[in-house]
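[1] Okay, sequence plus prediction incoming.
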Amino acid sequence: MKLIYQEERQRIKQLRKQIRDLILKELTTEINPYWFISFHYTYNKTNEDEILRDVADLKNKIRRIAYKNRDRTIRGAGLFPYPKVLFFNEQSHLGTGQYHTHMIIERMPAILNTQAGMENLFRKELPAKVRSLSKWKSVDVQRISCEDGDLKRLAGYLGKQNNSNSLAMDTINGDLSEKTTKTLKKSR
């Protein structure tokens with residue numbers, strides 16, 4: 001019995017390392033991480049399918065806001081490059097089963113791309129447009145340091161709630177590279 005438990009722990013540890021390495025690869029080669037944002041949902045958000053729909057809605061609202069605030073003085077610049085986003089949906093350790101989400105997003109248009117601009121976006125503007133976002137729980141907005149050691153710690157933090165039963169990385173709504181998506185599909 002003890003041997004089976006140790007083997008399972010070893011498998012989970014190996015899985016977390018692989019996911020941490022995937023996250024680190026995304027952060028260093030596929031996305032230019034700029035903001036790390038953690039937010040909560042309204043009370044009783046314990047269904048993963050609901051959370052995935054809410055995250056998709058949030059992503060669309062963020063894209064609209066980014067497009068609306070783009071620099072219009074640049075003519076003939078081609079298609080507007082939406083900021084890439086990665087989502088990590090985690091359940092509370094307090095036994096409530098409620099979800100919260102960590103989000104990594106690239107640089108936003110200049111008018112929004114300040115600490116105050118992003119905090120206003122996530123504390124006032126988005127909760128008014130996305131009903132599932134909590135209006136009373138805290139929102140944490142932090143600028144990401146792109147030094148190698150910092151990205152490694154961030155990848156470790158984001159990979160902490162992965163195990164053989166659940167994956168915190170949102171593979172549906174996140175802008176993952178094609179290679180990462182294929183790797184995740186193979187491992188299932």
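    Received, thanks.

[2] so the most centrally placed residue in the chain is in which element?
    The residue lying closest to the centre of the chain (C-alpha atoms, centre = their mean) is Phe87, at 2.1 Å. Using DSSP states H and E, Phe87 sits within strand 85-91.

[3] and that strand, how far out from the chain's middle?
    Relative to the centre of its chain, strand 85-91 is centred 4 Å away, using C-alpha atoms, centre = their mean, to the nearest Å.

[4] packing partners for it?
    The contact analysis (3 or more C-beta pairs under 8 Å, 6 or more residues apart in numbering; DSSP states H and E) places strand 85-91 against helix 48-68, strand 99-105. Glycine gets a C-beta too; all of them are placed from N, C-alpha and C.

[5] Could you look over those and pick the most buried one?
    Burial of the helices and strands packed on strand 85-91 is given as mean neighbour count (mean count of other C-beta atoms under 10 Å); strand 99-105 ranks first at a mean of 22.

[6] counting contacts, what elements does the very next helix or strand once past that one pack onto?
    As assigned by DSSP H and E, the chain's next helix or strand after strand 99-105 is helix 115-120. Applying 3+ C-beta pairs under 8 Å, 6+ apart, one finds that helix 115-120 contacts strand 140-143.

[7] 6 Å - rerun?
    Helices and strands in packing contact with helix 115-120 are not found; criterion 3 or more C-beta pairs under 6 Å, 6 or more residues apart in numbering; DSSP states H and E.

[8] contact partners of it?
    Applying C-beta atoms under 6 Å, 6 or more residues apart in numbering, the contact partners of helix 115-120 are Trp35, Val141.

[9] State the distance from the residue nearest to the centre of the chain to Val141.
    According to C-beta to C-beta, to the nearest Å, Phe87 stands 15 Å off from Val141.

[10] Tyr34 too?
    To Val141, Tyr34 is 11 Å away according to C-beta to C-beta.

[11] Show me the shaky parts of this structure.
    Residue ranges of the chain with pLDDT under 70: 1, 71-80, 94-95, 162-165, 179-188.

[12] moving C-terminal of the biggest helix by length in the chain, what's the next helix or strand?
    Selection of the longest helix in the chain by residue count, based on DSSP state H, yields helix 2-25. Going down the chain from helix 2-25, the next helix or strand is strand 35-40, by DSSP H and E.

[13] Residues contacting that next one, please?
    By C-beta under 6 Å, 6+ apart, strand 35-40 touches 100-105, 118, 134, 137, 139-142, 144.
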